[in-house]
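Student: coordinates for the following, if possible.
(2 chains)
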Amino acid sequence: MTDTPRLSSHGAPGTTGFSQEPAIRVMNLTKEYPGGIRALEGISFDVPKGELTSVIGPSGCGKTTSLKIIAGLVEATSGEVVVNGTQVRGPGPERAFVFQEFALMPWATVLRNVAFGLELRGFGRKERESIAHEYIAKMNLTGFEDAYPHQLSGGMRQRVGLARAMAVDADILLMDEPFASVDEQIRRKFQEDLLRLLSEEKKSVLFVTHSIEEAVYVSDQIVILTRGPAQVSNVVRPGIDRTGDPQNIRRSSAYLDCVESIWVELRNYLEE
Amino acid sequence: MAVRTQSQHGRIRTSSWLLRGASILLVFGLWEWAGTIPVSIAFPRFTDTMSAFVEMLADGTFASAYAETIGPLLVGILLTAVGGLVAGLVMGLSPRAEWLGLPLIIVLQASPSAAIVPLITFLYGIGFAAKVFAVVLLSAPVIVLNSYRGITNTPKSLLEMSDAFLAKRWQRIWKIVLPAGSGLIFAGLRLGLAQGFTGAVLAELLITPTGVGDLITFYRAGADYPYMFAAIFSIILFASVSLTLLQRLEQRIFRPEMRPV
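Tutor: Predicted structure coming up:
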């Protein structure tokens, strides 16, 4: 399942290759915390429909803050976020969130955790559990329906978090460093699974990461942020051909060049 | 997967039962030995106490005494539990209520409630209400304070998660805040029940000579020490059983993952 229609066009950096309205439009976002600490300084970018956009930048630059503003979990000081043409005023059913530290309920089984978004929306037990079973199978968690989070490994817990976000069938997935708490080998497998899953589900994804390799491997578009208070430094489209063996992709010159050029750009902000 | 095999579980269970049995036997053995020395004429042997216990159980002495004590205890604990949870919730969710209520609770907790018990008579006489008030007086601080701590300690990530998945206010409280705080809340209820029981017996010793408290007073007056100790033993037994039941209830409602396999 690698032949995806989501593969980027070869347009100039910053263009989407799609003429339709973006899934998310972020306009001139600023965030100032009490005490005068500025996290964001006028951030603007688009997340095209059906694509995976990642946000990368030096640690502590406000990546997670901007994602939480888009999710409606944190209020912006100024600027606006428009999702599918409507201004964001809080969390909404068209957006689902995957948390860095999983945020699973320790007292609930895998099945209930996965079905939790549907439970909150008032789905009956039978209906929500059958949907949950479907995503549990897709995330290779079959057999663990009745396990509790403390019985699972970090990788499995995050698959529960991902299944929970997929189960509510939102158009947009917001992922906050979803693989940061997972070890390296599982991380790679995860990235491949994510791409496969997204090609089946046609979702728009905004993905925060601190790993350049990860961003280049999974993204159609990468938004590079400067050191905090963050501004958009550049928007890049890796334009990598993802047909074929994942190992070959990671060795291809397009992939390696892109990783290198982003590294060169980010290094400026580290050396300041 | 850190799941133990069936046989490992079996072994752990058997050895934990053995340990428990051994510790109970040790205490009772020491009691019997101390009774035979004797450490005091007022300290009966374990076996004498047990035969008194069985006798009182058989002739209905306990049944009628507990029927008297349990009423105010239940009413008092129920009132405090509901009131305490609501107060804890309100204080946990509103900074203004926290500012108003918290110092009051801490003062109440620090005050020697047992010393206040005799004063209740001035307010509520010597009836049912006085006993209920004694139960509430002793159990309220720990129940309210623990509910409040349990509710304010909800992990932020779970609150954010419930927001992101569109939880309504009541869903957030019932499905996230209460289960997350249930450990502390139920610990408060357990301690509160023990305190409330003390309150009920104190009221019976100091205000109205009825119920279990009266059994102690009565047998002490007649120097029937095995019977007096049997009454005290019954209180400990009753308290332990009700605390265990409360723990089961918590695991059943909120924390199934903590239920022993």
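Student: list the buried ones in the worst-scoring helix or strand of chain B on mean pLDDT?
Tutor: Within chain B, no helix or strand scores below helix B:113-116, which has a mean of 76 by mean pLDDT, DSSP states H and E. For helix B:113-116, burial by neighbour count (16 or more other C-beta atoms under 10 Å in any protein chain shown) applies to B:Ser113. Every C-beta, even on glycine, is put in place using the N, C-alpha and C of the backbone.
Student: nearest residue to A:Gly85 in space, please, no chain neighbours.
Tutor: A:Glu21 (6.1 Å; C-beta to C-beta, 6 or more residues apart in numbering or on different chains).
Student: if we can go back for a sec, starting at the chain centroid, how far to the least confident helix or strand of chain B?
Tutor: Centre-to-centre, helix B:113-116 and its host chain are 18 Å apart (C-alpha atoms, centre = their mean, to the nearest Å).
Student: and if you look at stretch A:240-253?
Tutor: 21 Å.
Student: same check on stretch B:126-143?
Tutor: Centre to centre, stretch against its chain (C-alpha atoms, centre = their mean), the figure for stretch B:126-143 is 13 Å.
Student: repeat that for stretch B:210-222.
Tutor: Taking the mean of its C-alpha atoms, stretch B:210-222 sits 22 Å from the chain's own mean (C-alpha atoms, centre = their mean).
Student: got it, and stretch B:251-261?
Tutor: Computed by C-alpha atoms, centre = their mean, the chain-centroid distance of stretch B:251-261 equals 19 Å.
Student: got it, and stretch A:218-227?
Tutor: The chain centroid and the centroid of stretch A:218-227 are separated by 11 Å under C-alpha atoms, centre = their mean.
Student: show me where chain A dips below the pLDDT cut-off.
Tutor: A:1-19, A:271-272 (pLDDT under 70).
Student: spell out which residues of it are next to chain B.
Tutor: Proximity of chain A to chain B, by C-beta under 8 Å from any C-beta of the partner chain, involves residues A:68, A:71-73, A:91-93, A:95-97, A:99, A:101, A:103, A:105-109, A:116-117, A:119-121, A:147-148, A:150-153, A:164, A:168.
Student: so which strand or helix has B:Gly213?
Tutor: helix B:211-221 (DSSP states H and E).
Student: who touches the residue nearest to A:Gly85 in this structure?
Tutor: Residues near A:Glu21 by C-beta atoms under 8 Å, 6 or more residues apart in numbering or on different chains: A:49, A:84-85.
Student: count of residues packed around B:Phe229?
Tutor: Close neighbours of B:Phe229, defined as other C-beta atoms under 10 Å in any protein chain shown, add up to 24.
Student: so what's B:Arg178 closest to, chain neighbours aside?
Tutor: To be clear, residue B:178 is Leu; Arg isn't right here. Closest residue in space to B:Leu178, ignoring its immediate chain neighbours: B:Phe254 at 6.7 Å, by C-beta to C-beta, 6+ apart.
Student: hmm, the one you found is touching A:Met105, no?
Tutor: No. Counting by C-beta atoms under 8 Å, B:Phe254 does not reach A:Met105; the two are 10.5 Å apart.
Student: ok, the host helix or strand of A:Ile224: who's next to it in the sheet?
Tutor: Counting by DSSP H and E, the element that carries A:Ile224 is strand A:221-225. Strand A:221-225 sits in its sheet next to strand A:52-56 (parallel), strand A:232-236 (antiparallel), going by DSSP bridges.
Student: so how far is the helix or strand just after the first one off the chain centroid?
Tutor: Spelled out, it's strand A:52-56. Next helix or strand after strand A:52-56 toward the C-terminus (DSSP H and E): helix A:63-71. Mean C-alpha position of helix A:63-71 versus that of the full chain (C-alpha atoms, centre = their mean) differs by 11 Å.
Student: buried residues in helix A:63-71?
Tutor: Applying 16+ other C-beta under 10 Å to helix A:63-71 flags A:63-71 as buried.
Student: can you tell me which of the residues you listed is closest to chain B?
Tutor: Nearest to chain B out of the buried residues of helix A:63-71 is A:Ala71 (C-beta to the nearest C-beta; 5.8 Å).
Student: domain ranges for chain A, per the record?
Tutor: Using automatic domain parsing, the domain parsing of chain A gives A:24-94+A:171-271, A:103-169.
Student: out of these, which is closest to B:Leu246?
Tutor: Proximity to B:Leu246 (C-beta to C-beta) singles out domain A:103-169 among those, at 17.2 Å.
Student: now do that closest one: distance from first to last residue.
Tutor: 19 Å (C-alpha to C-alpha, to the nearest Å).
Student: now swap in stretch A:121-129 and tell me
Tutor: From its first residue to its last, stretch A:121-129 covers 13 Å (C-alpha to C-alpha).
Student: swap in stretch B:27-47?
Tutor: Stretch B:27-47 stretches 13 Å from its first residue to its last (C-alpha to C-alpha).
Student: next, the buried residues of that stretch.
Tutor: Across stretch B:27-47, burial judged by 16+ other C-beta under 10 Å covers B:31, B:35, B:44-46.
Student: what do you get for stretch B:45-56?
Tutor: Neighbour-count burial for stretch B:45-56 [16+ other C-beta under 10 Å]: B:45-46, B:48-50, B:52-53, B:56.
Student: including distance to B:Arg96 and secondary structure, could those go into TSV?
Tutor: Below are those laid out as TSV (distance: C-beta to C-beta, whole Å; DSSP: H, G, I helix; E, B strand; the rest coil):
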residue	distance to B:Arg96	secondary structure
B:Arg45	59	coil
B:Phe46	55	helix
B:Asp48	59	helix
B:Thr49	53	helix
B:Met50	55	helix
B:Ala52	55	helix
B:Phe53	52	helix
B:Met56	52	helix
